[in-house]
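1. Build me a structure from this.
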Amino acid sequence: MTEKFITLEGIEGSGKSTSLKIINNYLDELGFLFINTREPGGGPIGPKLRSLLLDTDTSISPEVEMMLMLADRKDHVDNVILPNLKQNKWVISDRYMDSTIAYQGGGRQLNLKNILSVEKLLDLPVPSLTLLFDLPVEMALERAIDRGELDRFEKEPIEFHNRVRDSYLKLSRRHPERISIIDSSKNRGEVESQLLNILKPYFKDHV
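-> Residues are numbered from 1 along each chain as shown. Have a look, this model is predicted:
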């Protein structure tokens, strides 16, 4: 069932949203049924949690932030991800568990073992493919600024974002069978080419 579960990860401004359109077009060409979803905010209670977590006026501890993210994820999994996988649909999620490891584990420097123990307790499905959009932090933040008003995470100091990026890259080395890196510092055409080079062999067995 989880073979139809794909996640998109990366630091702020890494181009996930733009690349999602490329993925959608490719799935449409193949004639696959799929849904797009995101975290935080994908489940029924998600929009309220997303608003709280991204609001620049929100002041919470890293531990509370982590627990809110995991609560949002469990709600998302139970009400959106699993029901759609059971209907034989592809689920494409903009962010998932790797984000918590990178942002709360790496960025906030929380104990990784504690995060993983809660993940195990929640019994979350594991994606079969994760697309990690990577680029230098300075370039990513410039893109985020160009996009408009910054949220609570985007406003964190550059050291925070460097820790997040480093955590993502460590995850990619730990799970090379699942995580594929896209160099999103390149132009749109080159990013699309990288994406299709990953997606075509991945979907070969599903066509």
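
2. which residue ranges form the helices in this protein?
-> Along the chain, counting by DSSP state H, helices occupy 16-30, 46-54, 62-76, 82-86, 97-100, 112-122, 137-147, 158-174, 188-204.

3. Which one, of these, ends up nearest to E3?
-> Judged by CB to CB, the one of the helices of the chain that comes nearest to E3 is helix 82-86, at 9.0 Å. (C-beta placed from N, C-alpha, C; glycine too.)

4. any idea of the mean pLDDT in that closest one?
-> Helix 82-86 shows an average pLDDT of 96 in the prediction.

5. Any buried residues in that helix, and which?
-> Applying a neighbour-count criterion of 16 or more other CB atoms under 10 Å, the buried positions in helix 82-86 are L82, N84, L85.

6. Pick the most buried one from the helices of the chain.
-> Compared across these, helix 97-100 shows the largest average neighbour count, a mean of 24 (mean count of other CB atoms under 10 Å).

7. That helix packs against which elements?
-> Using 3 or more CB pairs under 8 Å, 6 or more residues apart in numbering; DSSP states H and E as the contact test, the elements touching helix 97-100 are strand 5-10, helix 62-76, helix 112-122.

8. Which residues does it contact?
-> By CB atoms under 8 Å, 6 or more residues apart in numbering, the residues outside helix 97-100 that reach it are 7, 9, 39, 66, 69-70, 73, 115, 119, 124, 130, 132, 168, 171, 179.

9. Of these, which is the nearest to D57?
-> Within the set of the contacts of helix 97-100, M69 lies nearest D57; the separation is 18.2 Å, counting by CB to CB.

10. The closest one and P40 touch, don't they?
-> Yes - because the distance of 6.2 Å satisfies CB atoms under 8 Å, M69 is recorded as touching P40.

11. about what we covered before: save the helices and strands packed on helix 97-100 as a markdown table, and put in mean pLDDT and distance to S17 too.
-> Output for those, formatted as a markdown table (pLDDT from 0 to 100; distance: least, CB to CB, whole Å):
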| stretch | mean pLDDT | distance to S17 |
| --- | --- | --- |
| strand 5-10 | 97 | 9 |
| helix 62-76 | 96 | 18 |
| helix 112-122 | 93 | 25 |
